[in-house]
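predicted model follows, preceded by the sequence.
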Amino acid sequence: MTEFLTNNSIYIVLIITLIIWFGLAFLIFNLDSKVKKLENSFNNSNEEKI
């Protein structure tokens, strides 16, 4: 196992980096959808007051 990790360390770094990037992308898209919902509800509440 340690031989695999020492011989293929670049692949381990690549896998960890990809996991981090996919996690960040998921969080950004999730946050974006929540912000869109808030914007829509805010716009709808302003239109009802007019």
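Cool, the structure landed.

use CA for all of it now, contacts and neighbours both
OK.

give me the low-pLDDT residue ranges for this structure?
The model of the chain has pLDDT under 70 over residues 49-50.

what ranges do the helices span in it?
Ranges of helices in the chain, per DSSP state H, are 2-7, 9-49.

looking at the ones you listed, which is buried most?
Mean neighbours per residue, mean count of other CA atoms under 10 Å, is largest over these for helix 9-49, with a mean of 11.

how far does that helix sit from the chain's center?
A distance of 5 Å separates the centroid of the chain from that of helix 9-49, by CA atoms, centre = their mean, to the nearest Å.

which helices and strands sit right next to it?
For helix 9-49, not one helix or strand is in contact under the criterion 3 or more CA pairs under 8 Å, 6 or more residues apart in numbering; DSSP states H and E.

please redo it, this time with the cut-off set to 10 Å
Helix 9-49 sits against helix 2-7, with contacts defined as 3 or more CA pairs under 10 Å, 6 or more residues apart in numbering; DSSP states H and E.

for the helix it packs on, give me every contacting residue.
Outside helix 2-7, the residues within contact range by CA atoms under 10 Å, 6 or more residues apart in numbering are 8, 9, 11, 12.

just stretch 8-19 next, same as before
With contacts defined as CA under 10 Å, 6+ apart, stretch 8-19 is touched by 2, 3, 4, 5, 6, 20, 21, 23, 24, 25.

ok, back up a step: want to try a markdown table for the contacts of helix 2-7, with distance to residue 34 as columns?
Supplementary listing: the contacts of helix 2-7 in a markdown table, determined by distance: CA to CA, whole Å:
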| residue | distance to residue 34 |
| --- | --- |
| 8 | 40 |
| 9 | 38 |
| 11 | 35 |
| 12 | 33 |
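
just those residues now: which is nearest residue 43?
Using CA to CA, residue 12 is the member of these that lies nearest residue 43, at 46.6 Å.

for residue 41, list the residues it contacts.
35, 47.

make 395 the starting number, not 1.
All right, first residue 395 from here; so that's residue 435.

kindly provide the distance from it to residue 441.
Separation of residue 435 from residue 441 (CA to CA, to the nearest Å): 10 Å.

do the same with residue 422
From residue 422 to residue 441 the distance is 28 Å (CA to CA).
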